[in-house]
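[1] Predicted model and sequence follow; I will ask about them next.
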Amino acid sequence: MEKEWFYRSGQNQDGPVSTDEIRRLIGQGIISLDDFVWKSGFPDWIRAREAKEILGDSILPPPFKTPGSSDIPEERRAGIKVAASLMFVMALLWLLISTLQMLASIEDETGLVAFDAAWNLVWAVALFAIGVGLWKQRTWAFNWAIGSAVLGIIWYAIQYFNGTSIMLFFAVIEVAVLALLFINRRFFQEQKHLTN
C-alpha cells in the first residue's frame with residue numbers, strides 16, 4: 001500500500017505512512033481522531049475524523065467535551081497563561097505593598113496609610129481572582145482583565161507623573177497583559193459557551 005499520509009500528533013509531525021498504518025495508529029491511540037492528517041491533493045491539514053479515506057463510511061460521534069473545556073490551540077493557551085501569570089505577579093506585589101503599608105499604619109495617626117493598605121489588599125485579591133479566571137480561560141475573566149488593565153494603565157500613569165516611579169513598572173505589566181489578551185481575544189469571543 002502506498003505511503004501517502006502525514007500526521008501531526010501534539011507537536012510532532014510524522015509520515016508518510018500507508019492508510020492501513022494510520023488506521024492502526026488510530027486504533028492504538030497513538031493518533032487521536034482530533035489530530036491532523038494530510039496527503040497530497042489536500043489543500044490543508046484536516047482532522048483524522050474528517051478523512052473519509054481513513055475511516056470509510058463509519059459514523060463517529062462528535063468529540064466529547066467536558067463542561068468548561070475549550071478548543072483553544074495550545075500555542076494560544078500559552079499566551080493566555082502568561083497573561084494570567086502576570087496577573088498573579090501583580091497580585092503578589094500588591095499584597096506585599098499592602099502588608100508593608102499595614103506595618104507602617106501602626107505609627108500613622110491619620111489612618112490614611114491603613115486605608116491605602118486595605119484598598120491595595122482588595123486590589124491584590126481582585127487581580128488574583130482575575131488571574132485564576134484567565135488561567136481557566138473564562139470569558140468573565142477576559143472582560144475583567146481588559147477593564148482592570150485599562151484602568152490600571154491610566155491609574156499607574158497618573159501616579160507615575162505625580163512622582164511615584166515604581167508605577168511605571170506596573171503600567172508596563174498591564175500593557176503586556178492587555179497585548180496578550182488583545183492577541184487572544186478571538187478565542188475568548190468563541191468561548192461564550194464556557195461556564196462563566
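    Noted; the coordinates are in hand.

[2] Show the average pLDDT along the helix or strand harbouring Arg24.
    Arg24 is part of helix 19-27 when elements are defined by DSSP states H and E. Confidence over helix 19-27 (mean pLDDT, whole number) is 87.

[3] Then stretch 138-146?
    Computed over stretch 138-146, the mean pLDDT rounds to 89.

[4] quick one on the thing from earlier: so what does the helix holding Arg24 touch, helix or strand wise?
    Of the remaining helices and strands, those touching helix 19-27 by 3 or more Cβ pairs under 8 Å, 6 or more residues apart in numbering; DSSP states H and E are strand 3-9, helix 52-55. Where you see a C-beta, it was placed from the backbone N, CA and C, and this is true even at glycine.

[5] Name all residues that make contact with the residue nearest to Ile183 when sequence neighbours are not counted.
    Spatially, and ignoring its direct neighbours in sequence, Ile183 is nearest to Gly79 (5.9 Å; Cβ to Cβ, 6 or more residues apart in numbering). The neighbourhood of Gly79, defined by Cβ atoms under 8 Å, 6 or more residues apart in numbering, consists of Leu180, Ile183, Asn184.

[6] Measure how buried the first one is and give me the count.
    Okay, so that is Leu180. Residues near Leu180, counting by other Cβ atoms under 10 Å, number 22.

[7] I'd say it and Lys81 touch.
    No. Distance between Leu180 and Lys81: 9.4 Å, which falls outside the contact criterion (Cβ atoms under 8 Å).

[8] On the C-terminal side of the lengthiest helix in the chain, identify the next helix or strand.
    With DSSP state H applied, the helix covering the greatest number of residues in the chain is identified as helix 74-104. Using DSSP H and E, the next helix or strand after helix 74-104 towards the C-terminus is helix 112-135.

[9] Tell me the buried residues in that following helix?
    When burial is assessed from 16 or more other Cβ atoms under 10 Å, helix 112-135 yields the following buried residues: 113, 116-117, 120-121, 123-124, 127-128, 130-131, 133-135.

[10] could you list every residue that touches the residue nearest to Glu53 when sequence neighbours are not counted?
    Taking Cβ to Cβ, 6+ apart, and ignoring the residues beside it in sequence, Glu53 has Thr19 as its nearest neighbour in space, at 6.2 Å. Residues in contact with Thr19 (Cβ under 8 Å, 6+ apart) are Met1, Glu4, Trp5, Glu53, Ile54.

[11] now those residues as CSV including neighbour count?
    Supplementary listing: those in CSV, determined by neighbours: other Cβ atoms under 10 Å:
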residue, neighbour count
Met1, 8
Glu4, 16
Trp5, 25
Glu53, 11
Ile54, 21
